[in-house]
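> Quick one: sequence and predicted model below, then my questions.
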Amino acid sequence: MNKPVDTAAATMTGAEAVVELLKAHGVEVIFGLCGDTSLPLYDALARLPHGMRHVLTRDERHAAYMADGYARVTGKVGVCEGPSGGGATYLLPGLVEANESSIPVLGINTDVSVSSRGRFTLTELDQQALMRPLTKWNAVLDRAADIPRTFRAAFNAMTTGRPGAAHIALPFDVQNAPVERSEVWGDPSLGSCPSRRVAPEAFHIELAAKLLRSSKRPVFICGGGPVIAGAQDELLELAVKLGAPVATTISGQGSISEEHPLAVGVVGSNGGTVETRSIVDQADLVIFVGCRAGSVTTERWRHPAPGKAKIIHIDVHAETIGANYKVDVPVVADAKLALAALSEALSDLKRPLEASAVAKAKAEKFAKFNALAASNDSPIKPERLVAELAKALDADAIVVADPGTPCPYLSAYYPVRKAGRTLFSNRAHGALGYSMAAAVGAHIGRPSVKSVAVMGDGSFGMCVGELETLVRYRLPITMVVIRNAVYGWIKAGQKTGYGGRYFSVDFGVTDHAKVAEAFGVKSWKVENPAKLGAALKEAIAFGGPTLVDVACQPLQEARAPVSEWVA
Ligand SMILES: Cc1ncc(C[n+]2csc(CCOP(=O)(O)OP(=O)(O)O)c2C)c(N)n1
């Protein structure tokens, strides 16, 4: 029988305080998996009238990826939880991905009692040390009185400055100890990102505006920052004013509609092409916006070539600026405020919308793509799959791409037809097996649109257990599995960089459709390219989880969109 909650009492338990604090920060959903040390927390979730939904997963890794996908499409903090020991080590991959991708995700692991520490207690683990290098902020609670301020600090850290992940370890006895009810309060504005915007310094805006006026061929390269900051309108206004092309990283897709005449598409060694690279090479000024200018985006810091173009770098995280390029003007600020301030400073400027170089680059890029996308070859070419997916999905649909074939091909050629987050990938660590769970989170965050996960068979092997979760909640998510029986991306690297000396990259063929059917997922198996479009459309229209197993050309035999296989 449920134990009644005494709301008149001056204290509540630590576990009850945790539930109240999540609610107070606007949390609507928690993804997680139960354990011995989590029993008080689960009991508080069962008893309190909090209104939050708990999504029970089959693996903590996927609970964290779900929280990540949810946070990416809503801008809200994604929350995941698991028990001590293995629960913490399994939650970790999702937390580190979110943290490095600047996505606000809170991981909570319950823990052995404070009073049991150092006594060879089952599952004891130094969660403080484990999570410290992987999260923006983390704490292990030693006493219940610290619960309220610890949760408030975690939400503050996740949604201010550069967003990131936070982790809290919640010992068993701390969950049962009393907390003053009057201390249990939260600020709901800290529940979404960015909760506090940092304005740029006027001096740097003046300098940047001067440089923009004098430049002849400015080019924007947008990372994840503009989408996280909701700066799409401000970016478009400034780009149009300058007549400047807008390129993006993979995480930056959605900064601008890729159908806009100034939108270049993705640049870099994963999703970029020689044509999109040429636009960067023509620039006399590059404006990095919310972008780390990392190895993939810049093809190992060669495009733009150091010293060739002047650099304006806008980022909310001061340390990012200048980490990779000598910067002419640093602008430490929220992307939305910085771009708006630049537009204001250039309010008199109206350059003609000269987009012929972008149009030429896009035409050349898509001429090559379209020729391959029309191929009736079997196994099916990745280009054909991307084209059929684009035809089957509307502009609002969310597509999550795993590493391997999906990420570079989708980011290069799948048309992001609207500004905002509709296509994404786990670009920080690129761990295989992300897309299925991230699509679950995305669906829960934005249930009115279709969510699709595209994965290789390598990725499928790393997330297959989660199919049961999709069936249990009847989630209308479509999974597309690229069947090629190989870790293709790596085999392609062995081909291009190591003289085709293939070593330990091939594995056996799995009938993914049959596996999925065994879980209760409606499935299709496609070998014939002529049947692919219809299968995708049926799967997408079905009201529950679906999977399409597609026999695809292995990456080492395909024409890659990428310029090289080196990250
Ligand atoms: C957890 C993890 N282990 C290893 C890798 C290294 N890796 C990158 S791509 C890739 C191959 C992907 O194979 P698959 O999912 O079958 O897709 P394909 O490349 O064949 O399209 C591997 C092993 C990784 N990204 N993540």
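Sure thing, it's come through. Numbers count the residues shown, from 1 in each chain.
> Need the phi and psi values for the closest residue to residue 315 other than its chain neighbours.
Once flanking residues are discounted, residue 315 sits nearest to residue 321: 5.3 Å by C-beta to C-beta, 6 or more residues apart in numbering. In this view, the C-beta of every residue, glycine as well, is placed from N, C-alpha and C. Backbone geometry at residue 321, expressed as degrees, to the nearest 10, gives phi -70, psi 130.
> I'd like the distance between residue 321 and the ligand.
Using C-beta to the nearest ligand atom, to the nearest Å, residue 321 is found at 29 Å from the ligand.
> so who does that residue touch?
313, 315, 327, 330, 331, 332 (C-beta atoms under 8 Å, 6 or more residues apart in numbering).
> Among those residues, which pair sits farthest apart?
Within the contacts of residue 321, 327 and 332 form the most distant pair, 10.9 Å apart (C-beta to C-beta).
> State the distance from the residue nearest to residue 546 when sequence neighbours are not counted to the ligand.
Of all residues not flanking residue 546 in the chain, residue 539 sits nearest, at 3.9 Å (C-beta to C-beta, 6+ apart). Distance, residue 539 to the ligand, using C-beta to the nearest ligand atom: 19 Å.
> contacting residues around residue 539?
478, 522, 524, 546, 547, 548.
> Just send the contacts of residue 321 back as CSV, with neighbour count, distance to residue 368 and pLDDT too.
As requested, the contacts of residue 321 are exported to CSV (neighbours: other C-beta atoms under 10 Å; distance: C-beta to C-beta, whole Å; pLDDT from 0 to 100):
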residue, neighbour count, distance to residue 368, pLDDT
313, 26, 32, 98
315, 27, 34, 98
327, 17, 35, 98
330, 20, 38, 98
331, 26, 37, 98
332, 20, 40, 98
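> For the ligand, state which of those is nearest.
Relative to the ligand, the closest of the contacts of residue 321 is residue 315; by C-beta to the nearest ligand atom it sits at 26.2 Å.
> what's the spacing between that closest one and residue 373?
Distance of residue 315 to residue 373, given as C-beta to C-beta, to the nearest Å: 36 Å.
> How about residue 114?
For residue 114, the distance to residue 373 - C-beta to C-beta - is 60 Å.
> the more surrounded of those two?
residue 373 (20 against 16; other C-beta atoms under 10 Å).
> can you pull out the strands in the stretch 201-350 of the chain?
218-222, 246-248, 263-266, 285-289, 310-315, 329-332 (DSSP state E, counting those that start in this stretch).
> what sits up against the second one?
When contacts are defined by C-beta under 8 Å, 6+ apart, strand 246-248 is touched by residues 219-223, 235, 239, 254-256, 260, 262-267, 276, 279-280.
> how many neighbours does the closest residue to residue 352 other than its chain neighbours have?
Nearest residue to residue 352, sequence neighbours excluded (C-beta to C-beta, 6+ apart): residue 243, at 6.0 Å. Neighbour count of residue 243, defined by other C-beta under 10 Å: 17.
> wouldn't residue 243 be in contact with residue 356 here?
No: the criterion here is C-beta atoms under 8 Å, and residue 243 misses it with residue 356 at 10.6 Å.
> residue contacts, the residue in the stretch 101-250 of the chain that the ligand sits nearest to?
Residue nearest to the ligand within the stretch 101-250 of the chain (C-beta to the nearest ligand atom): residue 250, separated by 13.9 Å. Contacts for residue 250 (C-beta under 8 Å, 6+ apart) come out as 266, 268, 270, 271, 296, 407, 411, 424, 425, 427.
> what's the distance between the spatially closest residue to the second one that is not a sequence neighbour and residue 165?
Nearest residue to residue 268 in three dimensions, chain neighbours excluded: residue 297, at 4.3 Å (C-beta to C-beta, 6+ apart). Taking C-beta to C-beta as the measure, residue 297 falls 22 Å from residue 165.
> More neighbours: the two, which one.
residue 165 (35 against 31).
> Dihedrals phi and psi, that one?
According to degrees, to the nearest 10, residue 165 has phi -90, psi 150.
> Could you do residue 506 as well?
phi -90, psi 140.
> count of residues packed around the nearest residue to it once chain neighbours are set aside?
Using C-beta to C-beta, 6+ apart and skipping the chain neighbours, the partner closest in space to residue 506 is residue 486 (5.0 Å). Residues lying near residue 486 (other C-beta under 10 Å) number 22.
> Pretty sure residue 486 sits against residue 554.
Yes: counting by C-beta under 8 Å, residue 486 touches residue 554, with 5.1 Å between them.
> OK, contacts around the residue nearest to residue 225 when sequence neighbours are not counted?
Leaving out its chain neighbours, the residue that sits closest to residue 225 by C-beta to C-beta, 6+ apart is residue 290, at 1.0 Å. By C-beta under 8 Å, 6+ apart, residue 290 lies in contact with 222-226, 228-229, 231, 252, 314-316, 335.
> same question, residue 316
Neighbours of residue 316 in contact, by C-beta under 8 Å, 6+ apart: 161, 162, 194, 198, 225, 229, 290, 332, 333, 334, 335.
> for residue 106, phi and psi?
Main-chain dihedrals, residue 106, degrees, to the nearest 10: phi -100, psi 120.
> That one: neighbouring residues, count only.
29.
> now it: how far from residue 136?
With C-beta to C-beta as the criterion, residue 106 and residue 136 are 11 Å apart.
> Check the residue nearest to residue 268 and give its pLDDT.
Confidence at residue 297, expressed as pLDDT, is 94.
> Next: the one 4 residues further on.
On the pLDDT scale, residue 301 is placed at 94.
> now it: how far from residue 324?
The value you get for residue 301 to residue 324, if C-beta to C-beta is used, is 6 Å.
> who has more neighbours, the two?
Between residue 301 and residue 324, counting by other C-beta under 10 Å, residue 324 is the more crowded of the two (19 against 14).
> May I see the buried residues of the helix-or-strand element of the chain with minimal mean pLDDT?
Every helix and strand of the chain was ranked by mean pLDDT, DSSP states H and E. The lowest is helix 488-497, at a mean of 92. Under the neighbour-count criterion of 16 or more other C-beta atoms under 10 Å, helix 488-497 has 488, 489, 490, 491, 492, 493, 494, 495 buried.
> by contact count, what packs against it?
Based on contacts counted as 3 or more C-beta pairs under 8 Å, 6 or more residues apart in numbering; DSSP states H and E, there is no element that helix 488-497 packs against.
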